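A.B. asks: model the structure of this input:
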Amino acid sequence: MTGIVNEMAQGTPDIRRQNHLGAVGDGFGALTFTGDVMLKRLDEEVYRKLQQTMTQGQPLDRAIANKVASAMKEWALENGCSHFCHWFQPLTGSTAEKHDAFLVPDDEGRAIARFSGDELIRGEPDASSFPSGGIRDTYEARGYTAWDATSPAFILKTGDTATLCIPTAFVSWTGEALDKKTPLLRSIQAVSKQAMRILRIFGTHKGVSQVITTLGSEQEYFLIDRDFYLRRPDLQICGRTLVGAPPPKGQQLDDHYFGAIDERVMAFMSEVERRLYELGVPVKTRHNEVAPGQYEIAPVFENANVATDHQMLMMHALRASAGHHGLVCLLHEKPFAQINGSGKHNNWSLATDTGVNLLDPRDEAHTNMQFLVFLLAVVRAIDVHADLLRASIASAGNDYRLGANEAPPAIVSVYLGEMLNDILDQLERGKPKSTKKGGRLDLGAHTLPQIPRHSSDRNRTSPFAFTGNKFEYRAIGSSASIAWPNTVLNTIIAESLDHLATRIEAEMEGTASEQKLQEVVMEALKDVIHRHRRVVFDGDNYDPRWHEEARRRGLPNLKSTVDCLPTLSSQKAVKLFGKYGVLSERELRARVEVLWEQYSTILGIEARTLVSMVRKTVLPQALRYQVELARAVTSAQAAGVDFEDTWTQLQECVQMIEELRAGTAAVGQAESQPVATSERRAMHIRDALVPAMARARAASDALEAVIPEDLWTLPTYAQMLFQR
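C.D. replies: Next comes the predicted model:
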């Protein structure tokens, strides 16, 4: 999403609205246990204590758990639920749920509905079959889910069945995190602690109990007709096309972008929005994206934990609703080659629990020293830990997208805009004295109003851009959970705030002078600018010359997942996550092991699918075409007519088939080659398997371009992208 649409959709974070005291769902079927639902079913004291847990992060009072569980059960039964589940996010990157019935037999053999506080607070799913990265052996099955009271319970409807879903953390019997929620919650706590130190330095902490990380995550996706999907094994198994020649027209004219929404697609979007409103997900914006068949949905800000849960629900709603309209929703980062990929734009900010956005520069930004501290803490964090932030969005799918159509490059840089860069220039020279204003735009027609202009433009090519009162991290893949990237982002910013707070506190020790504070803060900010401004780049990130410029600046360019993951195993990473209590060394190394394994497994599946499609579909079609050409040559020879052009076509076809055979054989050989460790296997896949797959695909696509339509049975790009 770009321009004014983005500003309107995201707006200024208002945490007071986001505590779910009156969430969107309350007016659309109330399928979340929030707001009016709780007020009607809980007595005042229980409600107050639960709200203190939800909104202020205070420990849950176990004494009220039974009362909350009873109210939740009655509400769920009234809404048609027969079962409940602890809904959690294991390291698979998806969500997981084990359903238990409310009905249990009593001593007299009758069935009664029961749901206790203990069942609400803790569950015990089998932990043996989820990825653990070595934390648990297969025979060690015990794991626990723990109720996350800060994220509302909700009712998820699947057809005629309704289930009460309770968001939970998921940990091992040893207490180590086996999920993506637990580290996220720890990182939110870490950044709040360090941000509160900055507020105390400036004396703006009065009445503030915590600083909240806020998110608004835009979601891009493709829609294709279900009939086409069912005829493409690659889409069904891998989520992306492994072969496919580009259509004559792609996205060159940009005519799909923000265009009129097709009636069938509009019906789908409306259903998605209705389902999300019922679940309390505050979606706001919908529109056509750049590529044909590509779309976007965007919410407004919420606190990061709830926004992460809602993002998973958003993906669920997109997939589930598509089938009702004869469509399939594709969330892969690059479902179509040479066409715009799909990502998530992660709009991140910090705000107090009293509703103050700490990244809002206000009218006179040059005088807002507190804002400049938070701003430059972010800049410093991105420069110092660019490798970790890049690794947080690394995946096999995102490797196909980053640096390609409409996606930011693998180089992590920060866009600040003209107004903020001018203030940094002033800081370097001394004390800043002015803030550039945007003014107004006169559009030259009396019938058009003069409109306010922002003080800086936006840069849609930047991976990490300041967009008025927040930062937009544009590099996250469309199929990914936003929990892990935001865990890393929160942690590195906590470290940077800690660095600045420690320096300022040390130099201010023993004095409360306002003038001294300003001098100390100014020197700290100048030092950050001097050391870390190299990461600020406001130019065209798509320009190939930026790669050379970034190299000169010393910025890392980690082009693939295999290049990224070792940074997460470094001592720097171990110390960082350990210091702020986000991940222990064993928890971090386990995640890295899971990421290595997922990369190799995904590409192994893609390779085997490609070989199968070539052998069962593409090659037989190519051979039939070769036979037709050979018959045409023979017939022409027998008739004594010119057959030179057909003979040339036949020779070219034979050559392309041989190249296809060779490429496919190379894929099979590379995929089956044994490699000792998961890390070495991933390197082998990057260096041998991925190029072999590209070679086989190129040969297949060349054949598709010449084989007649009556012989080519796979749905084409032109059909999938333009026929709905």
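A.B. asks: surely residue 562 is within a strand?
C.D. replies: No. The assignment for residue 562 is helix, going by DSSP: H, G, I helix; E, B strand; the rest coil, so no strand is present there.
A.B. asks: show me what contacts the closest residue in space to it that isn't next to it in sequence?
C.D. replies: Using C-beta to C-beta, 6 or more residues apart in numbering and skipping residues adjacent in sequence, the residue nearest residue 562 is residue 686, 4.4 Å away. (C-beta placed from N, C-alpha, C; glycine too.) By C-beta atoms under 8 Å, 6 or more residues apart in numbering, the contact list for residue 686 reads 560, 561, 562.
A.B. asks: what's the closest of those residues to residue 132?
C.D. replies: Closest approach to residue 132 among the contacts of residue 686 (C-beta to C-beta): residue 561, at 20.0 Å.
A.B. asks: that older thread, select from the contacts of residue 686 the one having the most neighbours.
C.D. replies: Among these, residue 561 has the most neighbours (other C-beta atoms under 10 Å), with 26 neighbours.
A.B. asks: separation between that one and residue 576?
C.D. replies: Distance from residue 561 to residue 576, counting by C-beta to C-beta, to the nearest Å: 20 Å.
A.B. asks: number of nearby residues for residue 540?
C.D. replies: Using other C-beta under 10 Å, residue 540 has 12 neighbouring residues.
A.B. asks: specify the local secondary structure of it.
C.D. replies: At residue 540 the chain is in coil, as set by three-state DSSP.
A.B. asks: ok, and the closest non-adjacent residue to it?
C.D. replies: Using C-beta to C-beta, 6+ apart and skipping the chain neighbours, the partner closest in space to residue 540 is residue 461 (5.6 Å).
A.B. asks: can I get the contacts of residue 686 in JSON lines with distance to residue 706 and pLDDT?
C.D. replies: Shown next, in JSON lines, are the contacts of residue 686 (distance: C-beta to C-beta, whole Å; pLDDT from 0 to 100):
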{"residue": "560", "distance to residue 706": "33", "pLDDT": "95"}
{"residue": "561", "distance to residue 706": "35", "pLDDT": "96"}
{"residue": "562", "distance to residue 706": "35", "pLDDT": "97"}
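A.B. asks: in the helix or strand where residue 169 lies, what counts as buried?
C.D. replies: Element membership for residue 169 (DSSP states H and E) is strand 161-172. Using 16 or more other C-beta atoms under 10 Å as the test for burial, strand 161-172 gives 162, 163, 164, 165, 166, 167, 168, 169, 170, 171, 172.
A.B. asks: ok, those vs residue 63, which is closest?
C.D. replies: Nearest to residue 63, judged by C-beta to C-beta, of these is residue 166 at 18.8 Å.
A.B. asks: excluding its backbone neighbours, what's nearest the closest one?
C.D. replies: Nearest in space to residue 166, with sequence neighbours left out and distances taken as C-beta to C-beta, 6+ apart, is residue 153 at 4.8 Å.
A.B. asks: again, but for residue 230
C.D. replies: residue 236 (7.2 Å).
A.B. asks: what does residue 43 give?
C.D. replies: Nearest one to residue 43, counting by C-beta to C-beta, 6+ apart, is residue 67 at 7.5 Å.
A.B. asks: equivalent analysis for residue 401, please.
C.D. replies: Leaving aside its chain neighbours, residue 401 sits nearest to residue 341 (3.5 Å; criterion: C-beta to C-beta, 6+ apart).
A.B. asks: A helix includes the one you found, no?
C.D. replies: No. Counting by three-state DSSP, residue 341 falls outside a helix, being coil.
A.B. asks: isn't it right up against residue 399?
C.D. replies: No. Using C-beta atoms under 8 Å, residue 341 is not in contact with residue 399; the gap is 10.5 Å.
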